[in-house]
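Participant: Provided below for reference: sequence and predicted model.
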Amino acid sequence: MSETAQRGGAIPPNSATPLVSLRDIRLTFGSHQALRGVDLDVMPGECLALLGDNAAGKSTLSKVISGTYIPDSGTITVQGEEVRFTGPNDARSRNIEMVFQDLALCDHIDVVGNLFLGRELNKGPFLDQKAMLARAQEMLEALEIRIPRLTARVEKLSGGQRQAIAIARAASFQPKVLIMDEPTSALAVAEVEAVLSLINRVKAKGVGVVLITHRLQDVFRVCDRAAIMYEGTKVAERMIADTNLEEIVNLITGGH
Amino acid sequence: MSETAQRGGAIPPNSATPLVSLRDIRLTFGSHQALRGVDLDVMPGECLALLGDNAAGKSTLSKVISGTYIPDSGTITVQGEEVRFTGPNDARSRNIEMVFQDLALCDHIDVVGNLFLGRELNKGPFLDQKAMLARAQEMLEALEIRIPRLTARVEKLSGGQRQAIAIARAASFQPKVLIMDEPTSALAVAEVEAVLSLINRVKAKGVGVVLITHRLQDVFRVCDRAAIMYEGTKVAERMIADTNLEEIVNLITGGH
Amino acid sequence: QDKTYALIQINQQALFFNQINEGAQAAADAAGVKLAIFNANNDPQAQNSAIETFIQQKVDGIAVVAIDVNGIMPAVQQAADAGIPVVAIDAILPEGPQKAQIGVDNTKTSEDFAKFVLEQHKDQDVKLGEVVALNSFIQNIRKDAFNAALKDSKVAVIGEVDGQNVQDVALGAAENLLTANPDLGAIYATGEPAMVAAVAAAESQGRQDSVKVYGWDLTTNVIDGIDAGFVGGVVQQDPAGMGKAAIEALAKISAGEAVEPVISVPATIVTKENVDQFRDMFK
Amino acid sequence: MANYTERAKQSHAVEWLNDNAQVLSIALFFIACMGFFWALTDTFMTTGNLLNVVRQGAPVLIVAVAMTFVIMTAGIDLAVGSIVALINALAAILMANGFDWVTTSVMMLAAGAVVGLAQGWFISFQGIAAFIVTLAGMSILRGIALYITEGYSIPIKDQAGFFWLGRGTLAGIPVPAILAVLVAIIGFIIMRNTRYGRQVVAVGSNLEAARRVGMPARWIVCSVYMMSGIACAIAGLLIAARLGSGSSNAAVGFEMQVIAAVVLGGTSLMGGRGSILGTALGALTILIIGNGLILMHVSPFLTQIVTGVIILLAVWMNTRLFGAGFKLGKKG
Amino acid sequence: MANYTERAKQSHAVEWLNDNAQVLSIALFFIACMGFFWALTDTFMTTGNLLNVVRQGAPVLIVAVAMTFVIMTAGIDLAVGSIVALINALAAILMANGFDWVTTSVMMLAAGAVVGLAQGWFISFQGIAAFIVTLAGMSILRGIALYITEGYSIPIKDQAGFFWLGRGTLAGIPVPAILAVLVAIIGFIIMRNTRYGRQVVAVGSNLEAARRVGMPARWIVCSVYMMSGIACAIAGLLIAARLGSGSSNAAVGFEMQVIAAVVLGGTSLMGGRGSILGTALGALTILIIGNGLILMHVSPFLTQIVTGVIILLAVWMNTRLFGAGFKLGKKG
Ligand SMILES: Nc1ncnc2c1ncn2[C@@H]1O[C@H](COP(=O)(O)OP(=O)(O)OP(=O)(O)O)[C@@H](O)[C@H]1O
Ligand SMILES: Nc1ncnc2c1ncn2[C@@H]1O[C@H](COP(=O)(O)OP(=O)(O)OP(=O)(O)O)[C@@H](O)[C@H]1O
Ligand SMILES: O[C@@H]1[C@H](O)[C@H](O)CO[C@H]1O
Ligand SMILES: [Mg+2]
Ligand SMILES: [Mg+2]
């Protein structure tokens, strides 16, 4: 069996170059092999589901794409060009945005500030608070989330409100690749719908979306392809059109 | 309309005394009315779903039951006896256990230690590490979660692993009331199944379960009754047998 | 073979102590002996620890400028038991096995200085404020002896502030003392940081005309104050002389000779008249 | 059917009070202290005395502003007193060696920046706890000050401009006070209204989040120590100008004064939460307590005790009265 | 079809190294320092000198053990030096007034506990930052020591038993050293093997979580300050016994020595992570550096600088060599 096949193979991509392409990514924490050689392609305009059991390595892999973790070995190619990320900044400057599982909010900063974190609007030398407040309103409306006071610190917000802020932040700044690590885990029904339609909207603009989720029904509503991870490897890839829930569940649990 | 009816009414309970009974619970943070007078009964051997939009007040209400928040007004009755909780300790000593939305784990303590947090086993004056390790193994197996090293700090575990630990902790010490705030949000398919069957198991033993979740399909699999919250009030209560998904979704969104 | 002596110092933030070190070093160099200096940074325990360490190293003699005069005694005793002679500089140790006490009698000098101050203000009613360092044992002696000598005189001590032996702390305190007492006629500063501060405070508050500053320890700006006339008199010890005397005493003892139990290195009251002979010290 | 009502709108007043509780508390306490000393001493409320206080307090105030930035990043700078002493001594030595005061001052600001950068580098790029880096810095830098002065207090002569800096007035107001107020205002604006200020808060609130959104987190952490170094340089120069001499004995215990001012002003040592206004009020409170106690002729043996008790009281009030949060009356 | 393989089993050795990196690092550094001074001085490795070091170091070691508990809860006790001074002075005064040393010692332990409890109460039950409470405590308690001694040192006379405590030996080993080792061992066991130790870690790791699982979180926080007070009382008594006098000047700068020892030993100031073994090694390292530099006759102008540099270096090594985590070779 070839090396590549061992790493779970890859469905031959359509003609376009992938937005992001990972090859043989390995990452060890201490003596724990979080990733054991993973290949992955993210294509423009598609939503790729990254599925797998708990602790399979999904978050770790997605953090590699967003420059948060530096892999021990393997290559990352962005739009055909091989890159070496030295930090999240490098990924962000290539329009790779991510919603983190732990949200990565600053508790002591208000809602507006968190939405614009790292991208503050200026007016001359000063922050343009007014403009940010106005745009923040729009950003949140798109996700149907109601937050009574946008100048309140996020510290005291409910779990779902916080998650919505993290999503709004990642989605609002013209990403080319949007990675979402369990973005809807804390959201109520209507808000989940809003996120799913957001995914469809950005896909239509050619954005490549990586969606990590345990809500498999959502996968079938917005994703085009699924990559299944198991114990730090990618064990399978399926076009959503060619598979069904049962097969996906079987792939995730490894038939256990 | 009577005061009680205004607070969303209550389905007349079956003959048994409720395990926990809340009346007109109010709680304000600063000037934000988190809870505006809520009544709720938790019956033995039943699973009550606490549903509602994000920021409706579900977590706040459940923290009132577990003694984490002290309400501004209203009464709490436990097994017919009116109580005044002064802290989580009071609730815990009445066998009210809770899985918190933020998990409430100690990052620097190992898996075993977190499972036994506040309930350490002693052997003479010293911790009985061996016994705890052995029992921890059992506790986790019941939830089908695999954690390679139980003496590793929980800090580095994956989102799902952490959640499983929090669930195992709350479920393992003979609770009479088990409150679970979005316990399955980060869990993979198999682990969710394990939690649902855990709920069924404890129900059978007469435990009253309060399940907060946005995964409505789960509600229909394990819950007997649903209370729906909206903007700090309880707006409706339904027996699961008498309702359907559509009605529940409508109740949650308030027809919006 | 070479002899080695140790000098246990209080701190190095006051010129006084550094001049002791210099005097001792010069004397050691002249005698061809080694000198190890230890700076305790105001920690009494550290002084004892250092003495114990030097005992282990079997030095040939120890000179100590004690922070806690009682607390140093066990260490002095240990040294004596180990056959190592100890001499004390500046702070006066209680009776014990030390071979000599070198320096100024602070009590007596303070009393003399109080008389000097009284003379300067013959028969005038003067309100005097003090800038002290409560954390310095020796400066407390200077304060209390001075105050006792002024008792029932026309110079009334109307306020005391604590400069903590730190220049800028003392400066703030001295300024506040001046503002609090618009009719203040004199300041007494018990040590170098307080003295530096008192001089700077008189200048910054523009009170050079109405206030006379007295105190301990010369520095350049104190000399300037004497020249300007508002510093009325300063007790100046001869720290380098003390250091030198200490090493010489230790050398004598090592050679089996006897030394005087009290080696006085007298202090001078410096005024306009005699300030010239001290200018060289501060070039 | 069901009865859907919205929550009452939040009260602006209550939320504002909650958001600014810390500053309000120290402001109240400050005013109370002022009133107390005004009532009990004749001199306290005189212009002369008040101007004195702000002049004396300038170094503390200036460094406290910078320290607020440091503590906002969840850091600490224990070396400030030593940096002040080092700059103070260096400045005097340079001037004694013929440099004019302007050149000297510029060089000292640069030196402060370099020292701060060095500390910041260890903290941010090498990942060593700020407490331990600056504790080592505290020892090393005062050691250097000691070494270069050999314990002498070095006189500064014939530098009228320099002395004006420490002792002069502008329109009747002491120059150091003007400088301090300027620094505080600039600090206030930077913290509240600039991207850099936002970055400082973000880094202190959640360093990893700041890094993930692409902020130059390490540089930001590093920079606050540089700022602190520069502020110490200014303070060191002011103290030298006031004393007319430089010495390694300057600013002993200064770090504790500065940190006390910052914490009293409501800035959290855990990072992310604080304000320059609070710091300014905190510093002024400590200063007037020191001043007032002397004016009241409190025995110097008691001053330390009384100062400690008052500070404890102030923070207690801060926590008790304001910590619990304001509540709206039970209107349902 | 797909190709399901399990991850390689984790290596026990690597995980153990990772879990104990901090202690290993300071142990290595300690051994290096020992070797260095052994090579460069004749006296260092003599029994007499080493016994001296442990005797001198007993107060630091004892208080550092207690401070480890405090810092584990994410707290700090800046007042330890002042408590030591107060106890030291009080003990001398009591004995000067005719109390025998046993009664005095018991009273002093009680006094230490009370002072610690008072600080702990403000911190845990009143929710005031430990830094500010103990900063105020630092000022108040040394102020009281100053007040009761009026700045003088009070000799202790004719208390042979008491002096034995500070200067005596048992089987050739200094009594204070034996006491210190005992305290360290007890601290080690409490921290690792008792419920209380687990509670301390939990409170420091996540106070709210500890509260929610029903731990008496406030009491736990309060208790560590009481322990610190008692440890300071022991240290104060030992110092009084060693010096044969009590004075408000005792233990100046003590808090920084103690905290440096704890941090050097790898305990995190953020709470939740640390070890008594590390603390003991940290304290010993600081002590032998002080001792070694004296033996080497390093110029007093350089000692402060050298000490600071060495400490910085030790922590740097700790962070650089061990912080990044050990990795298993790429066998993947
Ligand atoms: N400690 C607090 N201080 C201030 N406001 C709070 C606090 N806790 C909760 N709130 C507010 O109370 C409201 C209810 O929050 P809660 O966490 O109970 O919502 P929830 O129903 O659990 O929502 P979710 O489904 O998103 O978890 C929210 O608007 C939140 O901002
Ligand atoms: N920083 C880290 N240090 C050590 N181990 C880590 C670290 N981050 C992750 N791991 C380990 O790597 C494995 C993969 O974790 P990861 O978070 O990627 O899982 P996941 O697939 O996202 O799981 P989940 O669905 O539960 O979120 C886990 O066993 C976890 O314990
Ligand atoms: O005698 C000295 C000097 O006068 C100096 O002021 C410091 O304190 C004393 O010990
Ligand atoms: Mg994950
Ligand atoms: Mg919630």
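Facilitator: All right, it came through fine. Ligands and ions are numbered 1, 2, ... in the order given.
Participant: use CA for all of it now, contacts and neighbours both
Facilitator: Will do.
Participant: what ranges does chain C have for its strands?
Facilitator: Under the criterion DSSP state E, chain C contains strands at C:4-9, C:34-39, C:61-64, C:86-89, C:100-103, C:126-132, C:155-162, C:186-189, C:212-216, C:231-236, C:262-264, C:268-270.
Participant: of all the ones you listed, which lies closest to E:D158?
Facilitator: Between E:D158 and the strands of chain C, the tightest spacing by CA to CA is seen for strand C:86-89, at 23.2 Å.
Participant: you'd agree C:N165 is up against C:T190?
Facilitator: No - C:N165 is beyond contact range of C:T190, at 9.4 Å (criterion: CA atoms under 8 Å).
Participant: which neighbours do these two share?
Facilitator: Jointly contacting C:N165 and C:T190 under the rule CA atoms under 8 Å, 6 or more residues apart in numbering or on different chains are C:V132, C:A133.
Participant: give me the most central residue, chain D.
Facilitator: D:A64 (0.5 Å; CA atoms, centre = their mean).
Participant: burial count for the residue nearest to that residue when sequence neighbours are not counted?
Facilitator: Closest residue to D:A64 apart from its sequence neighbours, by CA to CA, 6 or more residues apart in numbering or on different chains: D:V258 at 5.2 Å. Residues lying near D:V258 (other CA atoms under 10 Å in any protein chain shown) number 29.
Participant: quick check: buried residues in the helix or strand containing D:V258?
Facilitator: Assigned by DSSP states H and E, D:V258 belongs to helix D:254-264. By neighbour count on 16 or more other CA atoms under 10 Å in any protein chain shown, the buried set for helix D:254-264 is D:F254, D:E255, D:Q257, D:V258, D:I259, D:A260, D:A261, D:V262, D:V263, D:L264.
Participant: stretch C:175-187 too?
Facilitator: Here stretch C:175-187 shows C:E175, C:N176, C:L177, C:L178, C:T179, C:A180, C:N181, C:L184, C:G185, C:A186, C:I187 as buried, counting by 16+ other CA under 10 Å.
Participant: using PDB, write down the CA coordinates of that stretch.
Facilitator: Provided in PDB are the C-alpha atoms of stretch C:175-187 (Å, rounded to 0.1, in the frame of the first residue of the first chain):
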ATOM      1  CA  GLU C 175       9.100  68.900  52.600                       C
ATOM      2  CA  ASN C 176       5.900  68.000  54.400                       C
ATOM      3  CA  LEU C 177       7.600  68.800  57.700                       C
ATOM      4  CA  LEU C 178       8.400  72.200  56.400                       C
ATOM      5  CA  THR C 179       4.900  72.800  55.000                       C
ATOM      6  CA  ALA C 180       3.300  71.500  58.200                       C
ATOM      7  CA  ASN C 181       5.300  74.000  60.300                       C
ATOM      8  CA  PRO C 182       5.600  77.300  58.600                       C
ATOM      9  CA  ASP C 183       7.400  78.700  61.700                       C
ATOM     10  CA  LEU C 184      10.000  76.000  61.800                       C
ATOM     11  CA  GLY C 185      13.400  77.300  62.700                       C
ATOM     12  CA  ALA C 186      15.600  74.300  62.500                       C
ATOM     13  CA  ILE C 187      15.900  70.800  61.200                       C
END
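Participant: before we move on, what SS does D:Q304 have?
Facilitator: helix (DSSP: H, G, I helix; E, B strand; the rest coil).
Participant: neighbours around the closest residue to chain D within the stretch 151-256 of chain A, how many?
Facilitator: Nearest to chain D in the stretch 151-256 of chain A, going by CA to the nearest CA, is A:A152, at a distance of 8.6 Å. Neighbour count for A:A152, taken as other CA under 10 Å: 19.
Participant: how far away is it from D:G244?
Facilitator: 50 Å (CA to CA, to the nearest Å).
Participant: leaving aside the residues adjacent along the chain, what's closest to D:G127?
Facilitator: E:T319 (7.0 Å).
Participant: so what's the residue count around that neighbour?
Facilitator: Neighbours around E:T319, by other CA under 10 Å: 20.
Participant: residues contacting it?
Facilitator: Per CA under 8 Å, 6+ apart, neighbours of E:T319: D:Q126, D:G127, D:I128.
Participant: what residues does chain C have near chain E?
Facilitator: When proximity is defined by CA under 8 Å from any CA of the partner chain, chain C lies next to chain E at C:36-39, C:42-45, C:48-50, C:52-54, C:56-57, C:68-75, C:134-137, C:140.
Participant: inside helices: which ones of those?
Facilitator: Residues from those lying in helices, with DSSP state H as the criterion: C:44-45, C:48-50, C:52-54, C:56, C:73-75, C:137, C:140.
Participant: what separation is there between the closest residue to chain A within the stretch 151-283 of chain C and ligand 1?
Facilitator: Using CA to the nearest CA, C:V169 is the residue of the stretch 151-283 of chain C that sits closest to chain A, at 36.5 Å. Applying CA to the nearest ligand atom, to the nearest Å, the value for C:V169 to ligand 1 is 44 Å.
Participant: list the contacts for that residue?
Facilitator: By CA under 8 Å, 6+ apart, the residues touching C:V169 are C:G163, D:A251.
Participant: same thing but 10 Å
Facilitator: By CA atoms under 10 Å, 6 or more residues apart in numbering or on different chains, the residues touching C:V169 are C:D162, C:G163, C:P193, C:A194, C:A197, D:Q56, D:A250, D:A251, D:V252, D:G253, D:F254.
Participant: pretty sure the fifth one is touching C:A173, no?
Facilitator: Yes - with contact taken as CA atoms under 10 Å, C:A197 and C:A173 are classed as touching, separated by 8.7 Å.
Participant: give me the common contacts of these two.
Facilitator: Joint contacts of C:A197 and C:A173 (CA under 10 Å, 6+ apart) are C:V131, C:G163, C:Q167.
Participant: so where does D:Y225 fall, helix or strand?
Facilitator: helix D:217-243.
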